[in-house]
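> One predicted model, sequence on top.
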Amino acid sequence: MGLSSPARRGIVLILSAPSGAGKTTISRAAVGQIQGLVMSVSLTTRLPREGEQAGVDYEFVSLATFEQQRAEGQLAEWAQVFDACYGTPREPLERAVSGGHDILLDIDIQGARQLRERYPEDAVSVFVLPPSFADLERRLRGRGTEDDAAIRRRLERARAEAQAYSDYDYLIINESVEDSLAALKAIIAAERLRIRRLREGFAPWKK
């Protein structure tokens, strides 16, 4: 008899980084190239930026709607970042995990902490850093979307956030998207083989 295909729970793949480190670019590339990986779409109360699409980049909602969903327990995690709130809808996340699908979340360290606590057996956390602080500043200024005061605020926050890397399972230094994506693929390939993800009652050989 052959080995049966293992039925496993899905992975809650958490990707965090200081603003400008490149995690969104890596996330989009990963979802496009890694079979079986889907992207979680977060809620946010901020306005869309140029090029962002509702339902693809974020679900853009009012503060009242966000607070209602949070109060009703519909969010798996939430956080306030600067002047906006962000959160992860709980139902699609849990549906993916129970169905054996891997779901990627591009979230900040506050949300990541909540998810690790809520899904200790399913969460895999990856922290992304640029090669240097100077490189991060160059990337932020290169966007051309914020004034100097806003950039300084992001840089101050980035210095503080960078210290959180030791709370994560993996660290990727994003020198190039290609190398970072290769590292993320290796992480996912290994995590998909973990024994702890097999469903209770799995038997290696069927009689």
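Noted; the coordinates are in hand.
> Just name the shakiest helix or strand of this protein by mean pLDDT.
helix 133-143 (a mean of 77; mean pLDDT, DSSP states H and E).
> What residues of it count as buried?
135-137, 140 (16 or more other CB atoms under 10 Å). Heads up, the C-betas are built off the backbone N, CA and C, glycines and all.
> would you turn those residues into a markdown table with distance to Ser27?
Shown next, in a markdown table, are the buried residues of helix 133-143 (distance: CB to CB, whole Å):
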| residue | distance to Ser27 |
| --- | --- |
| Asp135 | 19 |
| Leu136 | 17 |
| Glu137 | 22 |
| Leu140 | 18 |
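> Outside of the next helix or strand after the least confident helix or strand of the chain itself, list whatever touches it.
Using DSSP states H and E, the next helix or strand after helix 133-143 towards the C-terminus is helix 148-162. Here helix 148-162 makes contact (CB atoms under 8 Å, 6 or more residues apart in numbering) with 16-21, 82, 108-109, 129, 133, 136-137, 140-141, 146.
> For the residues you listed, work out which two are farthest apart.
Ile109 and Arg141 (22.9 Å; CB to CB).
> coming back round to it: out of the contacts of helix 148-162, the closest to Arg70 would be?
Asp108 (16.0 Å).
> Before we move on, what's the pLDDT of the closest one?
Asp108 is assigned 88 on the pLDDT scale.
> wait, it sits on Phe82?
No. Counting by CB atoms under 8 Å, Asp108 stays clear of Phe82, with 10.5 Å between them.
> Okay, now the unreliable bits of the protein?
In the predicted model of the chain, residues 1-6, 143-145, 206-207 satisfy pLDDT under 70.
> make it 50
1-5 (pLDDT under 50).
> Phi, psi for Gln80 please.
phi -100, psi 130 (degrees, to the nearest 10).
> Great, nothing more from me.
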